[in-house]
Structure formats: C-alpha cells, structure tokens
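K.L.:
show me the folded form of this:
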Amino acid sequence: PTDMVSQLENDKEYTDMHKTIIMMAVLYSLAANVQAECDLDPASPGGPWIANIPAALITIDASLPADTVNPIAQFDSPVQGYNQEYIDCHKGTPYGKSAYGLSGQDSSTRIYKTNIDGIGIKLLWNNGGAFGQYPSNQTYTPSDGANVGRFIYPSASFFRVQFFKTADSLMLTNPDGEQALPAGEIAYNWLVNNSPAQYTQQLNIGRITVISTPSCIYTPSQTVDFGTVTSNTLTTEGIQRPLPFEINCRTDYGYYSASATLTTSTPSSDNSYIKVMDAGGHDDRMGIKIRNAQGQEMKVDGSSSENISNKASMIPAQFNWTAILIPTGSSHPTDGDFTARAEIILQLR
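P.N.:
Predicted structure coming up:
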C-alpha cells in the first residue's frame with residue numbers, strides 16, 4: 001500500500017510537470033507569431049515630421065459678411081521634403097488625422113471654433129496631390145491588393161490652415177490684435193495609434209491675432225452756396241452758411257471715435273481762413289472762415305480739429321460746422337462768380 005501511494009504521488013508530479021511544459025510551449029508559440037506592424041523603414045530618409053506655420057496678424061473689414069466658403073486668410077506650411085516610409089503595414093491598419101486643442105467643429109463646414117466668436121479655422125492636409133480635412137479615420141489597404149504593404153507619407157505633403165468669418169459681427173476688445181489662437185500644436189497625423197505622442201506628422205502654429213478695420217460711409221463733397229453777395233451784405237460780421245457733414249462707421253469694437261480737420265491749398269498767411277478767388281482773379285478781397293459746432297474757429301492747415309468720441313457702431317458722428325464769408329481787403333470783389341476750395345480730413349480711432 002505504501003508503494004501504491006508513492007506511485008500515485010509520482011504520477012501526479014509528472015502530470016503537473018507535463019502541464020507546465022505544454023503551457024510554456026503554447027506561450028512560446030504565441031510569442032513567435034507576434035510580428036512588427038508599420039515600423040519606420042530603417043532606410044527611410046526621415047521619420048516623424050513637425051511642420052510650422054509662423055505667427056500671423058489677420059486684418060478684416062467690419063462690413064465683411066459671414067462666409068464659410070471663402071476664407072479671410074490662408075497659410076501653408078513648408079512641404080515635408082522627404083518620403084516618410086513604414087514597412088510591414090497590414091491590410092486594415094488604422095490611420096488618420098486629428099485636431100489638437102480645438103473644439104466646437106461644425107460638421108457641415110468642418111470649421112472649428114477659435115477664441116474669437118465669429119472666427120473659425122479649418123485644417124487641411126495635402127499629400128502632394130489632393131487635400132484631406134480633419135478629423136479623419138481610415139484603414140490601410142495596400143495598392144497591390146496584398147495583405148501587407150508599405151505606407152508612405154510623400155515628400156510633397158504639407159499642411160494648410162484657413163480662417164473664416166462665421167458671424168456678420170464680431171465683439172473685439174483689443175485694437176492692437178485679438179488672439180484667435182495661441183502658439184502651439186494644433187494638428188497631427190497618426191498611424192496605428194491615434195495619440196498626439198505617437199504622431200507621424202505634426203503641425204505647430206504661431207500666435208494668430210485678428211484686427212478689424214471699421215467700414216464707414218460719409219457725406220460726399222458738397223458746395224456751400226452763399227447766394228448773391230453785395231457790398232451791403234458782405235460786412236465784417238460775414239455771411240454765414242451751415243456746413244454739416246457726418247461719418248457713420250460699422251465697427252467690431254462696439255464704439256468708434258472720429259476727428260475732423262481742415263486743409264486748403266490757398267490759406268491766409270496766418271492759416272485762419274481760406275482765400276477766395278473772385279471773378280477777376282483776385283484772392284485778396286474775400287475769405288472763408290470755418291467754425292466748428294462749439295463756435296471755435298478752425299485753422300485751415302490741419303492743426304486744429306474737432307473730436308467726437310464713443311459713437312456706437314452704425315450711429316453717425318455728426319459735425320455741424322459753419323462757413324463764414326468775410327471781406328479781407330479794402331477793394332470790392334469783381335462782379336461774378338467766386339470760388340474757394342478746402343478739404344475736410346476725417347480720422348478714426
């Protein structure tokens with residue numbers, strides 16, 4: 001009986017050992033079947049590539065309507081410049097393109113939001129022959145129909161970013177440039193694993209800022225008609241006529257300010273009035289002074305101005321000036337038409 005127990009124990013030990021050997025053989029067999037997939041070809045002239053688009057300032061017109069087809073700005077990266085080649089890529093291997101740090105994409109336009117409401121960005125990648133949009137997920141099929149092939153990012157491939165005005169009006173606060181996007185990584189292409197850390201191609205951009213310029217309409221050129229002037233009506237007090245004009249601006253900053261100055265090619269020696277040419281060709285017998293809405297006389301060399309501040313967008317800034325015809329010499333003007341010219345210069349802030 002003792003020998004029988006001993007024999008059973010020996011059989012059990014053999015059986016356990018036999019199981020262990022079988023399991024080790026299975027594990028070894030599995031390990032032997034694991035193969036590298038889509039490894040960079042050691043003979044490839046280059047590996048994962050980082051493309052850069054430098055910082056840019058985009059200037060737009062406040063009157064520009066929303067448009068998701070025609071970009072307000074477009075920037076391309078340099079081309080890769082070498083073939084990036086991967087070997088032993090199996091049919092069905094995933095690959096694709098992903099954005100980084102962007103959100104709020106409109107699926108119909110493929111435009112992502114930026115930090116400025118009403119300004120969007122579209123990401124594109126070109127393989128040297130055609131553009132693809134972001135994001136995308138695909139699976140690889142070798143061109144020859146085989147199960148294993150070579151995956152190549154061509155040397156002519158590059159990135160493109162397009163910016164769009166997606167709203168008719170913007171709300172900007174910094175006239176020196178509102179930040180739409182900070183500098184940094186913004187997109188990457190991947191093979192096998194969709195991970196920014198395992199990119200095959202990566203796009204970095206510089207800081208993108210936006211400036212909006214006001215769109216304005218203003219009073220066209222006008223003629224001040226003094227009517228019939230006689231020696232009785234042309235006194236030292238002068239003949240006064242209204243000279244109203246305005247400017248109306250659409251702005252993306254909410255408010256605008258305007259200033260007006262006056263210049264002429266025929267100023268008096270002290271720049272206090274515009275010389276008038278009478279019918280006889282004399283310019284020393286009459287002049288025109290200009291007063292602003294506060295009754296202050298405007299110099300005609302551009303050195304004085306009237307300012308109107310903080311007008312809401314699309315609310316006109318109105319200047320109510322007065323033109324005053326005065327005698328400037330002891331001789332009477334020659335009968336007939338007389339003329340004088342000046343230019344009002346409007347500036348915005």
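
K.L.:
where exactly do the strands run in the stretch 51-200 of the chain?
P.N.:
56-61, 73-76, 84-90, 94-99, 112-113, 119-126, 131-133, 136-139, 148-153, 158-165, 178-181, 184-191, 199-205 (DSSP state E, counting those that start in this stretch).

K.L.:
so, low pLDDT: which residues of this structure?
P.N.:
1-36 (pLDDT under 70).

K.L.:
V224 is nearest to which of the strands of the stretch 51-200 of the chain?
P.N.:
V224 lies closest, by CB to CB, to one member of the strands of the stretch 51-200 of the chain: strand 56-61, at 32.5 Å. In this view, the C-beta of every residue, glycine as well, is placed from N, C-alpha and C.

K.L.:
list the helices and strands the closest one packs on?
P.N.:
If you count contacts as 3 or more CB pairs under 8 Å, 6 or more residues apart in numbering; DSSP states H and E, strand 56-61 packs onto strand 73-76, strand 208-213.

K.L.:
out of the ones you listed, flag the one nearest P154.
P.N.:
strand 73-76 (15.5 Å).

K.L.:
can you tell me the strand partners of the closest one and which way each runs?
P.N.:
strand 158-165 (antiparallel) (DSSP bridges).

K.L.:
tell me the angle the partner strand makes with strand 94-99.
P.N.:
Interaxial angle of strand 158-165 relative to strand 94-99 (axes from the mean of the first three to the mean of the last three CA atoms, to 10 degrees): 40 degrees.

K.L.:
and the most centrally placed residue in the chain, bridged to which residues?
P.N.:
Centroid-nearest residue in the chain, with CA atoms, centre = their mean: I58, separated by 3.6 Å. I58 has the following beta-bridge partners by DSSP bridges: V210.

K.L.:
okay, now the nearest residue to P71 once chain neighbours are set aside: neighbour count?
P.N.:
Of all residues not flanking P71 in the chain, Q162 sits nearest, at 3.9 Å (CB to CB, 6 or more residues apart in numbering). Using other CB atoms under 10 Å, Q162 is surrounded by 18 other residues.

K.L.:
what sits against the residue nearest to the centre of the chain?
P.N.:
I72, A73, F163, A180, I208, T209, V210, I211 (CB atoms under 8 Å, 6 or more residues apart in numbering).

K.L.:
so the residue nearest to P71 makes contact with K122?
P.N.:
Yes: using CB atoms under 8 Å, Q162 is in contact with K122, at 4.5 Å.

K.L.:
mind listing the shared neighbours of those two?
P.N.:
With CB under 8 Å, 6+ apart as the test, Q162 and K122 both reach P71.

K.L.:
what are the ranges of the helices in the stretch 201-349 of the chain?
P.N.:
Counting by DSSP state H, counting those that start in this stretch, the stretch 201-349 of the chain has no helices to list.

K.L.:
just the strands in it please.
P.N.:
Going by DSSP E, counting those that start in this stretch, the stretch 201-349 of the chain shows strands at 208-213, 215-218, 239-250, 255-263, 274-275, 286-291, 301-312, 317-327, 343-348.

K.L.:
okay, those strands in CSV with mean neighbour count next?
P.N.:
Converted to CSV, the strands of the stretch 201-349 of the chain look like this (neighbours: other CB atoms under 10 Å):
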stretch, mean neighbour count
strand 208-213, 22
strand 215-218, 15
strand 239-250, 17
strand 255-263, 19
strand 274-275, 22
strand 286-291, 22
strand 301-312, 14
strand 317-327, 19
strand 343-348, 14
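
K.L.:
please identify which of those strands is closest to L64.
P.N.:
strand 215-218 (8.1 Å).

K.L.:
turn the strands of the stretch 201-349 of the chain into a markdown table, columns for distance to Y140.
P.N.:
As requested, the strands of the stretch 201-349 of the chain are exported to a markdown table (distance: least, CB to CB, whole Å):
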| stretch | distance to Y140 |
| --- | --- |
| strand 208-213 | 33 |
| strand 215-218 | 50 |
| strand 239-250 | 51 |
| strand 255-263 | 56 |
| strand 274-275 | 79 |
| strand 286-291 | 76 |
| strand 301-312 | 57 |
| strand 317-327 | 63 |
| strand 343-348 | 56 |
